[in-house]
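S.K.: need a structure here:
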Amino acid sequence: MALMDHMPHTTTAKRRTRTIDVLGGSTDTFTTVFTDRACWRQSAKAIEIFNNQKIGISVTDKIYFEDDPELREQDILVFGTTEYKVRSYADSDASAGKSVLYKVMVENISTER
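M.R.: Residues are numbered from 1 along each chain as shown. This is a model prediction of the structure:
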């Protein structure tokens, strides 16, 4: 079975919206963008981590999607109890054989690893 026929993971995406109250404090609320979307999560390569660190971005993993997930840097991806903060927009240059996958770089923001 090819990877494109069966992505091994599923994720839920949540989008953060920050509001300012009358006292100037901020409150974050999260709305669900999608649930149980098929994907493939991998640890980021050392060169990917290094290149992102050079521009001040911390990444730990990369996640591949079959279609553009239309994620933003305000989004969080949830895998069970582990949360990942989106650190890049989807890159359609990542390919698997003859098909194109969309890669999103993320940072693990959970204490559990």
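S.K.: now T60. Nearest residue, chain neighbours left out?
M.R.: Once flanking residues are discounted, T60 sits nearest to N108: 4.5 Å by C-beta to C-beta, 6 or more residues apart in numbering. For the C-beta atoms, the positions are set from N, CA and C on the backbone; glycine is no exception.
S.K.: how about V106?
M.R.: In this structure, V106 finds its nearest non-sequential neighbour in Y84, 3.8 Å apart by C-beta to C-beta, 6+ apart.
S.K.: tally of neighbours for the one you found?
M.R.: Using other C-beta atoms under 10 Å, Y84 has 25 neighbouring residues.
S.K.: and for D61?
M.R.: Using other C-beta under 10 Å, D61 has 20 other residues around it.
S.K.: in its sheet, what does the longest strand along the chain sit against?
M.R.: Criterion DSSP state E: the longest strand present in the chain is strand 26-43. Applying DSSP bridges, strand 26-43 is found paired with strand 9-20 (antiparallel), strand 61-65 (antiparallel).
S.K.: after the shortest one, which helix or strand is next?
M.R.: Same thing as strand 61-65. Tracing the chain past strand 61-65, the next element assigned as helix or strand by DSSP states H and E is strand 75-79.
S.K.: need the pLDDT of K98.
M.R.: Model confidence at K98, expressed as pLDDT, equals 66.
S.K.: ok so, going back, buried ones in the longest strand of the chain?
M.R.: For strand 26-43, a neighbour-count test (16 or more other C-beta atoms under 10 Å) marks 33, 37, 39-41 as buried.
S.K.: pick the one among the residues you listed closest to E70.
M.R.: The shortest approach to E70 among the buried residues of strand 26-43 belongs to V33, at 7.8 Å (C-beta to C-beta).
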